[in-house]
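**Q** Provided below for reference: sequence and predicted model.
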Amino acid sequence: MKIKEINEVAALPKDIDSACIDIYYLLNRLPGVETFESCSGHGKNPFSMWFFCDNIDTLSRLGRAVSPSYSDGHWEIVVDTTDTRPRGCFWLRSRNILQELVLTGSLHRLIENILYWFEDDFDSYFKI
């Protein structure tokens, strides 16, 4: 599956937490994904990234990338709603509160895992 070029991604929000930047850029490069809110958790809450996605292939690959069977088990995607948007959304979040060093390493592994599942080699597997 082709991932969009970085210059096709929406501008970086002014108030984004620094820990969210790399995953923000990656998610917004995926087909059908638009992020709209994020929080690193600041060591007090789970890491969170909310996004819309209108591409089932993308959701399937993201689901595989966060699956405890194929990842470090720190991540999940939850179907969510929001008080400020009329349609359902998705919430990529850490399963627990992660301290900065653990969060940084786990985010790095998550990004690598997402990139792995979006390789063209898996196109036929995820084709619906």
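**A** The structure has been received and is ready for your questions. Numbering: from 1, shown residues only.
**Q** model confidence over stretch 96-109, on average?
**A** Averaging the model's pLDDT scores along stretch 96-109 yields 93.
**Q** make 420 the first number, not 1, from now on.
**A** Okay, using 420 as the starting number, the last item reads as stretch 515-528.
**Q** for that stretch, which positions count as buried?
**A** Within stretch 515-528, the residues that qualify as buried by neighbour count (16 or more other Cβ atoms under 10 Å) are Leu517, Leu522, Ser525, Leu526. Quick note: C-beta positions are derived from backbone N, CA and C, even for glycine.
**Q** contact partners of that stretch?
**A** When contacts are taken as Cβ atoms under 8 Å, 6 or more residues apart in numbering, the neighbours of stretch 515-528 outside the stretch itself are 438, 441-442, 459-460, 462-466, 490-491, 493-494, 513.
**Q** do stretch 487-496 as well
**A** With Cβ under 8 Å, 6+ apart as the test, stretch 487-496 has contacts from 478, 481-485, 509-515, 517, 521, 525, 528-529, 532, 536.
**Q** ok, for Tyr535, nearest residue in space, not its chain neighbours?
**A** Excluding the flanking residues, the one nearest Tyr535 by Cβ to Cβ, 6 or more residues apart in numbering is Ala484, at 7.4 Å.
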